[in-house]
Each structure stands twice: as C-alpha cells, then as structure tokens.
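Q: What follows is a predicted structure for the sequence shown.
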Amino acid sequence: ADQTARTPEAVADMLGRLAPAAARNARAEAVELQRVIDRTQEERGEPTFELAAWDWAFYSEKVRTERYDVDTERMRPYLEAERVLHDGVFRAATALYGVTFAERDDIVAYHPDARVFEVRDEDGSPVGLYVLDLHTRDSKRGGAWMNPLISQSALLDTPTVVLNNLNVPKPPAGQPTLLSYDETNTLFHEFGHALHGLFARVTYPRFAGTSVFRDFVEFPSQVNEMWMLWPEILASYAVHHETGEPMPDDLVAAVQASSAFNEGFLTSEYLGAALLDQAWHRIGVDDDVEDVDVFQAEALAAVGLDVPAVLPRYASSYFQHTFAGGYDAGYYSYIWSEVLDADTVRWFHENGGLTRENGDRFRARLLGVGGSKDPLEAYRDFRGRDAVIEPLLARRGLAD
C-alpha cells in the first residue's frame, strides 16, 4: 500500500539512524540496572545475578522512583474530567483554531454515556458535531479510539460527526471522575484525531480527515498531546477538585524530568520489532529461512540492536501486527509519524506556541487537506521543508 515513506529504503534509513543511538543508551541503562541488582542482592545477603529481559521493568521502575520521585497518581486529584475537557482540551482548541464547543443535550446519542457537542467556528459557522463516550462499560471494547461517524464532503454537503471513545472507570454516584496522567494524555491524543476529522475541507469523503496513509495518521493526534503540559493550558485545568489549589510545580517538573528515562530500552525494543517486520517482508522468493530464531538474531545484529537484555517488543513467532494485524511492513509507522510530530512541536515552540496564527496555519495546510494532498507535500507546505529526525532524538534523550 502507498505510504508516506514511499520506499523500503527510506524506512531502513530512518530506522538505521535511530538504532545505534537507541542501542547505545540501552546498553548504558543495562549497566545502571545491573548495579542496582548487585547492590540490592548484596543488601539481602544473596548472590547477584545477571540482568535479563524479564527483570527490566521491575528494576527500571526502582531506578525511576529513586531518581525522580515520580508518582503520577498524585496528579489524579488535580485532573477532574470536566475541567480537563472544558478548560484543557477545548480551551487549547479554542486558542489555536477559534472554535467553540456547546453541549447539545437535545441530541440523543447511541448511549446515555455519549455526550454530543456542537462545534462552531469563530464566525459562528458550523464545523460539526463532536461525540465523547468517556466511560468504560460491559458492552464496550477496551482501549481508546476515534471514529468518523459522518465524514465531511463538499460534494455531498454532509455535516461532520466524529466520535471519541475512551475507557475511564465510572466513579461512585455523586463523585467526580478523576483522570490518571495517562488517561488525560489519551484524551488530548484522541481529540487530535477528532480535530483532524472536524477540520476536513475536501470534496470527496474518501479523503476526509483521518483517511490518510497509515504512517501519517497518528501525526496530528501526537501533536495535540503537547498542549496537555503547555503552561497556559495546564494552569487552566490542573486544579484540585476539592480545594481549587493548582497542581504543585514539583509534580509537573518530576514528570517532565523523567520523560526521557528508559528511552534507550523503550526505543530499542520497538525498533527491534519494526526492523523484524521489514526483514520478514524483504525475503526474496529464493530465500530459505530454516531457523526463525537465527533469522531474527541476524536481522537485529545487522543494525546493532543485539543488546542482551533487550528483546524486540514482538518476537517473530507472535508478531500479530505484521502477519495478521494490518501492519504488514508498516510497523515502522508509529515512529515515522513521531518524527513528523517532534519536528512540528519544535516549530510551534520556535514560532510562539499557542497562537491563532499558528493554529490557522496547521489547520489549513495539514489538518484540512486530509488525504486529498500528498502528505509530504502538505508537510513541506506547513513546515517549509522536510521533517528532520533531530527533534525526535532530543525528545527521547538519544542525541549525542
């Protein structure tokens, strides 16, 4: 299928640039975790052991807690869902794009939990309807996602209706819904997909909103995550649900300081899977793979990702994405779109951040065109050049 990356060589080049830095950091992280194991075992009076893949999560969290004192659960009382939605998610969209949101209690959705909001532009013209189905229930599948219920179309002159689904547990009756840090980030992320659908301005519904290449579709939603911790937006919504006190600065600082922690491991295990996906799909008709484990080991070693305690996120024998999950030769797309995201976030920082001028540019040149324009051309039109990988390396702590 057509993708933004165009060729296997372009994918290989991108993964090849990331792999050495990720492996370097993963090896350094492994040394640090081994020290923790040695120290812990000595304190217990027990013999030490060599770090293995199954030890990584436990000991890395031990290091994270000691180094950064991060407990994101302390954030929950400051993340009341209604404030996050109205004073965070919607407020950022209003500041950037001039759109407003009004709940429509008179519109009956498919379930009482689903709420409908009318979205209008600054001049009062209708943009579409936004449906939010926040809570988990027995009849609902897990996860979080966006669906275009009615795609925008100038040809058909249809209204735009988009849906966000999350799975936030319902609180006891009379209690507010308090979000976790991750749930808050997910709401900002999924709303980025919703904006992609709402802002579509195309002739044919086939090209509206998120109807773009797989390695491009996550890009706008990843960009929207940046507003979650944007100081102006955070100060607006992150207040204690009982006292009204703002979220302590040390909580936010600790989360931001730890953002690149363990990224050597996380990037390496993802890249391992992405590289295996590419390797399996580049096998020629005359190639004969007799041993899957040997093939996998050689593919990882070829790019320096043979870090002893870091296994691919999905080994070849249970890699559903690449064999049955619709990501055949496309598992790279997550980090490909993150390259675009990181480069765009840097652009916002360099050009004044949360302003109407910036929002209008992003809306008109990227969000609005959907799949009606070549995505790389749309990106160049917005950014003035192709995306570069350096902002992503810096974000993940992989820069030299």
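A: Received it, and whenever you're ready, just let me know what you need.
Q: OK, contacts around residue 257?
A: residue 68 (CB atoms under 8 Å, 6 or more residues apart in numbering). No exception for glycine: its C-beta is placed from N, CA and C like everyone else's.
Q: Looking at it now. What's its pLDDT?
A: As predicted, residue 257 sits at a pLDDT of 89.
Q: What values do phi and psi take at it?
A: With angles defined as degrees, to the nearest 10, residue 257 sits at phi -70, psi -30.
Q: Same check on residue 80?
A: Per-residue torsions, residue 80: phi -70, psi 130 (degrees, to the nearest 10).
Q: any idea which element residue 82 lies in?
A: helix 81-83 (DSSP states H and E).
Q: So which bits of that helix are buried?
A: 81, 83 (16 or more other CB atoms under 10 Å).
Q: Packing partners of that helix?
A: Applying 3 or more CB pairs under 8 Å, 6 or more residues apart in numbering; DSSP states H and E, one finds that helix 81-83 makes contact with no other helix or strand.
Q: ok, then the element right after that helix?
A: helix 90-97.
Q: who touches that next one?
A: Contacting residues not belonging to helix 90-97 are listed as 99-101, 188, 191, 195, 199, 224, 227, 230, 232-233, 236-237, 354-356, 358-360, 362-363 [CB under 8 Å, 6+ apart].
Q: List the buried residues for that helix?
A: For helix 90-97, burial by neighbour count (16+ other CB under 10 Å) applies to 90, 91, 92, 93, 95, 96, 97.
Q: With stretch 136-143 instead?
A: For stretch 136-143, the neighbour count (16+ other CB under 10 Å) marks residue 136 as buried.
Q: if we can go back for a sec, let me see the mean pLDDT of the helix holding residue 82.
A: Per-residue scores along helix 81-83 average to 98.
Q: So what touches the element among helices and strands of the chain having the smallest mean pLDDT?
A: Taking mean pLDDT, DSSP states H and E as the measure, the chain has helix 320-323 as its least confident helix or strand, at a mean of 79. Helix 320-323 has contacts (CB under 8 Å, 6+ apart) with 273, 276, 277, 280, 281, 314, 327, 328, 329, 331.
Q: show me what contacts residue 52?
A: Contact analysis of residue 52 by CB under 8 Å, 6+ apart lists residue 309.
Q: Just the buried residues out of the contacts of helix 320-323, in PyMOL syntax.
A: In PyMOL syntax, the buried subset of the contacts of helix 320-323 is picked out as below (16+ other CB under 10 Å):
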select buried, resi 273+276+277+280+314+327+329+331
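Q: Run the chain-centre distance for stretch 33-51.
A: Distance, stretch centre to chain centre, for stretch 33-51: 35 Å (CA atoms, centre = their mean, to the nearest Å).
Q: CA atoms of that stretch as PDB?
A: The C-alpha coordinates for stretch 33-51 follow below in PDB (Å, rounded to 0.1, in the frame of the first residue of the first chain):
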ATOM      1  CA  LEU A  33      20.300  -1.600  36.300                       C
ATOM      2  CA  GLN A  34      23.000  -4.200  36.900                       C
ATOM      3  CA  ARG A  35      24.500  -2.000  39.600                       C
ATOM      4  CA  VAL A  36      21.100  -1.800  41.300                       C
ATOM      5  CA  ILE A  37      20.700  -5.600  41.100                       C
ATOM      6  CA  ASP A  38      24.200  -6.100  42.600                       C
ATOM      7  CA  ARG A  39      23.500  -3.600  45.400                       C
ATOM      8  CA  THR A  40      20.100  -5.000  46.200                       C
ATOM      9  CA  GLN A  41      21.300  -8.600  46.300                       C
ATOM     10  CA  GLU A  42      24.300  -7.500  48.500                       C
ATOM     11  CA  GLU A  43      21.900  -5.800  50.900                       C
ATOM     12  CA  ARG A  44      19.900  -9.000  51.100                       C
ATOM     13  CA  GLY A  45      23.000 -11.100  51.600                       C
ATOM     14  CA  GLU A  46      22.200 -13.100  48.500                       C
ATOM     15  CA  PRO A  47      24.300 -13.800  45.400                       C
ATOM     16  CA  THR A  48      23.800 -11.400  42.500                       C
ATOM     17  CA  PHE A  49      22.500 -12.400  39.000                       C
ATOM     18  CA  GLU A  50      22.800 -11.100  35.500                       C
ATOM     19  CA  LEU A  51      20.100  -8.700  34.300                       C
END
